[in-house]
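**Q** Sequence first, predicted coordinates after that:
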Amino acid sequence: MLTEAIRRHARGEDVVIGVVETHGRKGVGELIVNLEVVPRKAIEYKGAVFEEMDVDAILARKPRVALIDELAHQHRSSKHRKRYEDVFELLDAGSTFSHMNIQHLESVTRRCRE
């Protein structure tokens, strides 16, 4: 997802990061410094503050492509319950690249077989 976004950015396409989780991986952190990041918004939930992707800020920015990581993420508090619902809203406005950990597909596949 990131390498394709960097290639597109190098060709002049308007690419931003809506949300990318590095999980402390140095290589991912090195890749994202080459792209604009739309700031996350702070959300208070049960007495704690969390940062979530700001869908409205991405929509207002109007990029050609927005990178959205962790498609299966469940929000603590947001206008949508799941990140994939955010992606549907963003797709109506433009293009997105998204990433989902394969373990999420494997767990769904296992449940379907049971």
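**A** Looks like it came in fine. Numbers count the residues shown, from 1 in each chain.
**Q** ok, residue 33 - how many residues close by?
**A** By other C-beta atoms under 10 Å, the residues close to residue 33 number 7. Glycine gets a C-beta too; all of them are placed from N, C-alpha and C.
**Q** For the chain, which segments count as strands?
**A** Along the chain, counting by DSSP state E, strands occupy 15-19, 36-37, 41-45, 48-52, 65-68, 95-98.
**Q** Dump the C-alpha coordinates for the fourth one into CSV.
**A** Read it as strand 48-52. Taking Å, rounded to 0.1, in the frame of the first residue of the first chain, the C-alpha atoms of strand 48-52 are listed here in CSV:
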residue,chain,number,x,y,z
ALA,A,48,-9.5,8.3,28.2
VAL,A,49,-8.5,10.2,25.1
PHE,A,50,-7.8,8.3,21.9
GLU,A,51,-6.8,9.4,18.4
GLU,A,52,-8.9,8.2,15.5
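**Q** Nearest residue to the middle of the protein?
**A** Centroid check for the chain by C-alpha atoms, centre = their mean gives residue 68 as the closest residue, at 2.1 Å.
**Q** pretty sure it contacts residue 18?
**A** Yes. With contact defined as C-beta atoms under 8 Å, residue 68 counts as touching residue 18 (4.8 Å).
**Q** Report the buried residues of stretch 75-94.
**A** Residues of stretch 75-94 classed as buried: 75, 78, 83, 84, 86, 87, 90 (neighbour count, 16 or more other C-beta atoms under 10 Å).
**Q** Point out the least confident member of those residues, please.
**A** Lowest pLDDT among the buried residues of stretch 75-94: residue 78, with 65.
**Q** re earlier: confidence score at the residue nearest to the centre of the chain?
**A** At residue 68, the pLDDT value in this model is 87.
**Q** now the buried residues of stretch 75-94 in TSV, with distance to residue 64?
**A** Output for those, formatted as TSV (distance: C-beta to C-beta, whole Å):
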residue	distance to residue 64
75	25
78	24
83	20
84	21
86	18
87	15
90	12
